[in-house]
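**Q** Please find the sequence and the predicted model below.
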Amino acid sequence: AINAKRFNIEAERAFARNRLVSELSTPQIPPQFKDAVNALMRTTGKNENECLQMIGLQPNAKPHFSINDAANAIFDQRIFDHIDFESSQRTNSSTYNKDEDAYKTSLIRSVIGRRPTHLQNIENLGLVSLIYPAIEATKEIPSGWKRANLTEADWKDFLKISIDYVIRMGNHLQAPTDNELQYLRDSDRSTPFNPEEWPEVKNGNITANQHRLILLLCAALKINDKTTLVQRRDKVNTLLGETWSFLEKNILTKVKDDDRYYEETDEKGNHIYIDWYYLDMSLDSQACKLAITEKAYICPVTGYVLDTSFCGYSPSIKGCICNENISRFAIQQSAYINMPIIGTDSFTKDIEDLKNAGVWNDRHKYAYQKTSHGYLTAEHSGQQNRYRLDYYTNEFKSEPHKLNLLQCSTTMEMGVDIGDIDTVLM
């Protein structure tokens with residue numbers, strides 16, 4: 001059962017990677033301009049790209065997907081039907097509700113929402129980037145950042161890293177709804193973020209090991225030891241405070257007293273999560289969008305692909321405040337790589353560059369292939385009831401096959417006739 005579950009999780013994620021790479025690589029005309037472009041093409045005889053330029057749009061512009069767009073792109077009916085059956089068998093039938101939107105939300109949470117620390121996901125493979133419209137739209141640099149001689153680009157990079165590597169890496173997303181819990185894996189359950197845990201340089205005898213955001217600021221400000229950090233503590237804390245102020249006002253959502261999903265209480269009956277924060281990645285949220293990653297850097301320590309760096313340093317930075325450690329995470333800004341984008345003239349060359357950089361793997365290969373989805377599997381054993389065994393057998397025998405692989409005990413040896421099995425492994 002564990003192996004079957006792992007197969008199905010990877011099938012789900014492989015399909016999502018493939019669909020997002022394909023869809024986000026395909027140039028699309030913004031819907032509000034389609035009629036105007038078509039009219040220009042008819043009246044002028046010019047091609048689509050020329051008409052796009054005439055109305056001030058960039059030809060071959062890659063789309064930005066809303067969360068709902070992304071959810072629809074990565075949804076597969078065959079995978080959902082199988083997972084829905086599995087979920088219904090684990091859940092009390094009187095409380096179970098088949099809900100495609102709830103499944104899509106759980107899929108977004110698993111594939112895109114949470115940014116894992118070590119697991120290779122769609123972002124640190126360099127396939128897709130998350131864009132935060134509120135960050136893109138801001139033009140005002142806080143006073144502390146100006147005094148530190150940091151630029152608007154630095155400010156925006158730091159904001160994005162704060163969301164990606166603190167909020168999302170900590171899995172601080174919206175609480176799952178009742179129906180979403182039917183499909184949600186335990187590892188994807190979220191909790192809100194406690195603002196008291198936002199990093200700051202403490203008073204007194206500080207330690208050498210510091211939070212990654214503090215280390216990034218130390219790298220940018222040339223702070224290479226504890227003594228200097230103590231001396232410049234107020235400046236670093238000002239930058240961190242201005243960052244949190246922006247996030248809580250413009251991107252994050254505060255847990256309110258009437259939040260029925262984040263309603264845990266302590267032994268005294270007090271609401272634990274009141275005034276904590278989360279990133280809303282529900283289907284109707286506009287907090288972020290998805291885009292294909294076009295230019296990336298390689299973290300010199302982890303080997304992960306990065307869509308953002310800060311002042312020439314990797315956001316994967318961790319460890320102590322010392323020049324020897326900080327310098328390990330330095331990135332040459334001129335050493336970026338172009339990520340392969342389907343349909344471009346440089347697609348093959350960009351793949352070769354990824355291979356030469358040592359980051360290309362099978363997940364990249366299958367993400368760029370024209371394929372439907374991976375194998376779906378189930379456990380066919382005496383631990384299952386007769387209804388489930390009959391269901392799995394019929395799904396395996398169906399044309400086209402709804403199940404590709406059965407992991408069997410002797411329950412499959414006795415008189416079951418399946419004519420087109422390709423391989424049997426004993």
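**A** Cool, the structure landed.
**Q** going forward, measure contacts and count neighbours with C-alpha atoms only.
**A** Fine.
**Q** Pass me the low-pLDDT residue ranges in this structure, would you?
**A** Residue ranges of the chain with pLDDT under 70: 1-5, 7, 28, 58-61, 90-95, 260, 334, 371-374, 411-426.
**Q** tell me the centre residue of it?
**A** Closest to where the C-alpha atoms of the chain average out (Cα atoms, centre = their mean) is Ile112, at 2.6 Å.
**Q** so what's that residue closest to, chain neighbours aside?
**A** Spatial nearest neighbour of Ile112, excluding adjacent residues (Cα to Cα, 6 or more residues apart in numbering): Ile122 at 7.2 Å.
**Q** those strands in this structure, which residues are they?
**A** In chain order, the chain shows strands spanning 128-131, 253-254, 277-278, 289-292, 295-298, 305-306, 337-338, 377-380, 405-408, with DSSP state E as the criterion.
**Q** on that earlier part again, ok, the residue nearest to the centre of the chain to Ile67 distance?
**A** Distance, Ile112 to Ile67, using Cα to Cα, to the nearest Å: 9 Å.
**Q** quick revisit: list the residues that contact the residue nearest to Ile112.
**A** Ile122 makes contact with Arg17, Val111, Ile112, Val128, according to Cα atoms under 8 Å, 6 or more residues apart in numbering.
**Q** residues near the nearest residue to Met169 once chain neighbours are set aside, how many?
**A** With sequence-adjacent residues excluded and distances taken as Cα to Cα, 6+ apart, Met169 is closest to Arg115, at 4.6 Å. Residues near Arg115, counting by other Cα atoms under 10 Å, number 24.
**Q** and the contacts of Ile122, which of them are in helices?
**A** Residues from the contacts of Ile122 lying in helices, with DSSP state H as the criterion: Arg17.
**Q** In ChimeraX, how would I select the buried members of the contacts of Ile122?
**A** Provided next is the ChimeraX selection string for whichever of the contacts of Ile122 are buried by 16 or more other Cα atoms under 10 Å:
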select :17,111,112,128
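**Q** farthest pair in the contacts of Ile122?
**A** Between all members of the contacts of Ile122, the longest pairwise span (Cα to Cα) is found for Val111 and Val128 and amounts to 11.0 Å.
**Q** Would you convert the strands of the chain into TSV that also reports distance to Lys98?
**A** Output for these, formatted as TSV (distance: least, Cα to Cα, whole Å):
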stretch	distance to Lys98
strand 128-131	29
strand 253-254	28
strand 277-278	27
strand 289-292	27
strand 295-298	40
strand 305-306	37
strand 337-338	42
strand 377-380	20
strand 405-408	24
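**Q** Those strands: which one's closest to Leu229?
**A** That would be, of the strands of the chain and by Cα to Cα, strand 305-306, which comes in at 27.0 Å.
**Q** Show residues contacting the closest one.
**A** Strand 305-306 is touched from outside by Glu123, Asn124, Leu125, Gly126, Ala296, Tyr297, Ile298, Cys299, Ser314, Val359, with contacts defined as Cα under 8 Å, 6+ apart.
**Q** Mind doing that once more with 6 Å?
**A** Contacts made with strand 305-306 from outside it, assessed by Cα atoms under 6 Å, 6 or more residues apart in numbering, are listed as Asn124, Leu125, Gly126, Ala296, Tyr297, Ile298.
**Q** quick check, nearest of the residues you listed to Leu173?
**A** Closest to Leu173, out of all of these and judged by Cα to Cα, is Asn124, at 19.1 Å.
**Q** what's near enough to touch the closest one?
**A** Asn124 sits next to Tyr304, Val305 when contact means Cα under 6 Å, 6+ apart.
**Q** Next: Tyr313.
**A** Each residue near Tyr313 by Cα under 6 Å, 6+ apart is listed here: Phe329, Ala330, Ile331.
**Q** Are any of those residues buried, and if so which?
**A** By neighbour count, with 16+ other Cα under 10 Å, these hold Phe329, Ala330, Ile331 as buried.
**Q** Please report how far the second one lies from Arg189.
**A** Computed as Cα to Cα, the Ala330 to Arg189 distance reads 34 Å.
**Q** Could you do the first one as well?
**A** Distance, Phe329 to Arg189, using Cα to Cα: 31 Å.
**Q** Asn209 touches Cys322, doesn't it?
**A** No: at 9.5 Å, Asn209 and Cys322 do not qualify as touching, with contact defined as Cα atoms under 6 Å.
**Q** The two - which one has more neighbours?
**A** For Asn209 and Cys322, the more surrounded residue by other Cα under 10 Å is Cys322, and the numbers stand at 17 against 14.
**Q** Reformat the buried ones among the contacts of Tyr313 as CSV; add distance to Asn250.
**A** Output for those, formatted as CSV (distance: Cα to Cα, whole Å):
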residue, distance to Asn250
Phe329, 30
Ala330, 30
Ile331, 30
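**Q** And the helices in the stretch 51-200 of the chain, which stretches?
**A** Read by DSSP state H, counting those that start in this stretch, the stretch 51-200 of the chain holds these helices, from start to end of the chain: 67-74, 77-90, 100-108, 133-137, 143-147, 152-162.
**Q** May I see those helices organised as TSV, with mean neighbour count and distance to Asp353 added?
**A** Putting the helices of the stretch 51-200 of the chain into TSV (neighbours: other Cα atoms under 10 Å; distance: least, Cα to Cα, whole Å) gives the following:
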stretch	mean neighbour count	distance to Asp353
helix 67-74	20	28
helix 77-90	16	34
helix 100-108	22	30
helix 133-137	14	29
helix 143-147	15	36
helix 152-162	20	25
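**Q** closest one to Ile214 among those helices?
**A** Closest to Ile214 of these, according to Cα to Cα: helix 152-162, at 10.9 Å.
**Q** and Ala357, how many neighbours?
**A** Under the neighbour criterion other Cα under 10 Å, Ala357 is assigned a count of 12.
**Q** same deal with Tyr391?
**A** Residue crowding around Tyr391 was assessed by other Cα under 10 Å; the count is 12.
**Q** now do Lys226
**A** 19.
**Q** again, but for the one 3 residues further on
**A** Here the neighbour count serves as a burial measure; for Leu229 (other Cα under 10 Å) it reads 21.
**Q** Please report how far the closest residue to it other than its chain neighbours lies from Thr348.
**A** Here the nearest residue to Leu229 in space, its sequence neighbours aside, is Ile223; by Cα to Cα, 6+ apart that works out to 6.2 Å. Spatial separation of Ile223 from Thr348 under the definition Cα to Cα is 42 Å.
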